[in-house]
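Trainee: Quick one, fold the following:
(2 chains)
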Amino acid sequence: GAVVSQHPSWVICKSGTSVKIECRSLDFQATTMFWYRQFPKQSLMLMATSNEGSKATYEQGVEKDKFLINHASLTLSTLTVTSAHPEDSSFYICSARRKGTDRETQYFGPGTRLLVL
Amino acid sequence: GESVGLHLPTLSVQEGDNSIINCAYSNSASDYFIWYKQESGKGPQFIIDIRSNMDKRQGQRVTVLLNKTVKHLSLQIAATQPGDSAVYFCAEGVEGDYKLSFGAGTTVTVRA
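Mentor: Residues are numbered from 1 along each chain as shown, chains lettered A, B, ... in the order given. Take a look at the predicted model:
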């Protein structure tokens, strides 16, 4: 177990539009979900941490009004990139931490590639 | 083949040989470490983890070694296969914090 899915797997949009990415834990309940951003040939950069039913905690330098996160249930978190611009083009990856465990292991989704024209 | 992680971010290894991927972590307070494998265009895949109260842990074809004295972590892959070609990241965390900090990554290429 510990499967995380993301939808869509890739998206192309026009500058100025908003894009929503879904992250789901398929076979477990996730206490905490994380959103990362990854540029080509670089490591993962944590954007925000979200707990079910509460507001997300954003990392320094990440605009919360730009990247809206909603963690509606123990199996679903969404990231909305508002008024997307070409510089927002990146690979967005979510991860989830299993409820009921004291381990810090995060299970990752397959990622969503966003291209803003 | 062996890499030194941050200084040599690529490792080329002959199929069938053992691979050693190294990682120097920065936070002396970190007490939980994970190795992830990321194939091109995919999300990171959990390989193995280790807590700071251990110095070695073995999985299927993989072994993680932890040296807290010099803040060094390594991943050994036995009998490397073409499917092992990927970028390998070490991640460190502090118990109870739940956030992970990722290293730069080492690209492993397996030669046939």
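Trainee: if I pick residue 81, what's in contact with it?
Mentor: In the absence of a named chain, chain A is used. Residue A:81 makes contact with A:18-19, A:21, A:66-67, A:88, A:92, A:114, according to CB atoms under 8 Å, 6 or more residues apart in numbering or on different chains. For every residue, glycine as well, the C-beta is placed using N, CA and C.
Trainee: The chain in question should be chain B.
Mentor: Residues near residue B:81 by CB under 8 Å, 6+ apart: B:15, B:110.
Trainee: quick revisit: and which of the contacts of residue A:81 is nearest to chain B?
Mentor: Taking CB to the nearest CB as the measure, chain B lies nearest residue A:92 of the contacts of residue A:81, at 10.1 Å.
Trainee: pretty sure that closest one is in a strand, no?
Mentor: Yes - counting by DSSP: H, G, I helix; E, B strand; the rest coil, residue A:92 is part of a strand.
Trainee: and it, how many neighbours does it have?
Mentor: Residue A:92 has 23 neighbours, counted by other CB atoms under 10 Å in any protein chain shown.
Trainee: And residue B:20, by the same measure?
Mentor: Using other CB under 10 Å, residue B:20 has 16 other residues around it.
Trainee: Which neighbouring elements make contact with the host helix or strand of it?
Mentor: Element membership for residue B:20 (DSSP states H and E) is strand B:19-24. Using 3 or more CB pairs under 8 Å, 6 or more residues apart in numbering or on different chains; DSSP states H and E, the elements in contact with strand B:19-24 are strand B:10-14, strand B:72-77, strand B:106-111.
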